[in-house]
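K.L.:
missing the sequence, but the structure's below:
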């Protein structure tokens, strides 16, 4: 359901962008299925890490190392294994 809640209204736009990007990057890093679909080799990972690096004045390579998917896992392959 779409609503008009603004949990970051108290933050400046740059801080909002940083917080949102950090949240997405943590999901990519920490959730195996998200890491599979949005991690290495995707434009999402490339753009999000580049933007986060620019906002935080960090090296993009270092940011990509920090938020690299830990254990990317294809959920479709797992469901195929269960059907066998």
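P.N.:
Noted; the coordinates are in hand. Since we're looking at a predicted model, the values are computed, not measured.
K.L.:
From now on I want contacts and neighbour counts done on CA atoms only, so please keep to that.
P.N.:
Fine.
K.L.:
Let's test this: name the helix or strand in this protein with the lowest mean pLDDT.
P.N.:
Here the helix or strand of the chain ranked lowest by mean pLDDT, DSSP states H and E is helix 75-83, holding a mean of 71.
K.L.:
which is the next helix or strand following the lengthiest helix in the chain?
P.N.:
Once the chain is assigned using DSSP state H, the helix that runs over the most residues is helix 13-30. Once helix 13-30 ends, the next helix or strand along the chain (criterion: DSSP states H and E) is helix 32-38.
K.L.:
Quick check: chain neighbours aside, which residue is closest to the most centrally placed residue in the chain?
P.N.:
By C-alpha atoms, centre = their mean, the mean C-alpha position of the chain lies nearest to residue 25, the distance being 2.5 Å. Counting by C-alpha to C-alpha, 6 or more residues apart in numbering, the nearest residue to residue 25 once its immediate chain neighbours are dropped is residue 67, at 5.9 Å.
K.L.:
where does the chain have low pLDDT?
P.N.:
In the prediction, the chain carries residues with pLDDT under 70 at positions 79-84.
K.L.:
hmm, try it at 90
P.N.:
With pLDDT under 90 as the threshold, the chain has low-confidence stretches at 1-2, 77-84.
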